[in-house]
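> got a predicted structure plus its sequence, pasted below:
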Amino acid sequence: MLKPHPTVLRRLVEEYETLTATGTGTATAGGPTAPNARINDLAYTLCVSTGTRDVRHALATARRWLAGADDLPAAGRRDAGAGAGAPAAV
């Protein structure tokens, strides 16, 4: 299974947690709010990115992967500026 780049995964987790923690994703009587739609999009993307079907499992998997990525030595990381001519991460 392909894993997302740690930077991308970290951004997804942080944005999801920020939106859910602030309560901005609650629906109104007129229908879902824009932040609520964004939360749903983030939950879906996290699930697809981690190969899970539940956002709680996706977050747990993402945190585990990010903890492992933080343990990598700098030379073992594939950052965007890893070197001249390196292919861009997708």
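That came through fine. Residues are numbered from 1 along each chain as shown.

> hey, let's count contacts and neighbours off CA atoms from now on
Fine.

> residues contacting residue 50?
When contacts are counted by CA atoms under 8 Å, 6 or more residues apart in numbering, residue 50 is found next to 3, 58, 61-62.

> typo on my end, residue 55
Residue 55 makes contact with 43-44, 46-47 under the criterion CA under 8 Å, 6+ apart.

> what's the spacing between it and residue 35?
Remark: distance between residue 55 and residue 35 (CA to CA, to the nearest Å) = 16 Å.

> picking up where we left off before, return the item of the contacts of residue 50 having minimum pLDDT.
Looking at the contacts of residue 50 by pLDDT, the weakest one is residue 3, with 91.

> quick one: that residue is in a strand?
No. Secondary structure assignment (DSSP: H, G, I helix; E, B strand; the rest coil) places residue 3 in coil, not in a strand.

> state the distance from residue 23 to residue 12.
When CA to CA is applied, the distance between residue 23 and residue 12 equals 17 Å.

> buried stuff in the helix or strand hosting residue 68?
Assigning secondary structure by DSSP states H and E places residue 68 in helix 55-70. Judged by neighbour count using 16 or more other CA atoms under 10 Å, the buried positions of helix 55-70 are 55, 58-59, 61-63, 65-66, 69.

> picking that back up, neighbour-wise, which of residue 23 and residue 12 wins?
Neighbours per residue (other CA atoms under 10 Å) separate residue 23 from residue 12, with residue 12 holding more: 19 against 11.

> so the more buried one touches residue 42, yeah?
Yes. At 6.5 Å, residue 12 counts as touching residue 42 under the criterion of CA atoms under 8 Å.

> for the chain, give me the ranges with low pLDDT.
Confidence mapping of the chain against pLDDT under 70 gives the ranges 24-33, 72-90.

> and residue 52, that one's in a helix?
No. Looking at residue 52 with three-state DSSP, it is coil, so not inside a helix.

> name the nearest residue to it, sequence neighbours excluded.
Nearest-residue entry for residue 52: residue 58, 5.7 Å, with adjacent residues in sequence omitted and distances by CA to CA, 6 or more residues apart in numbering.
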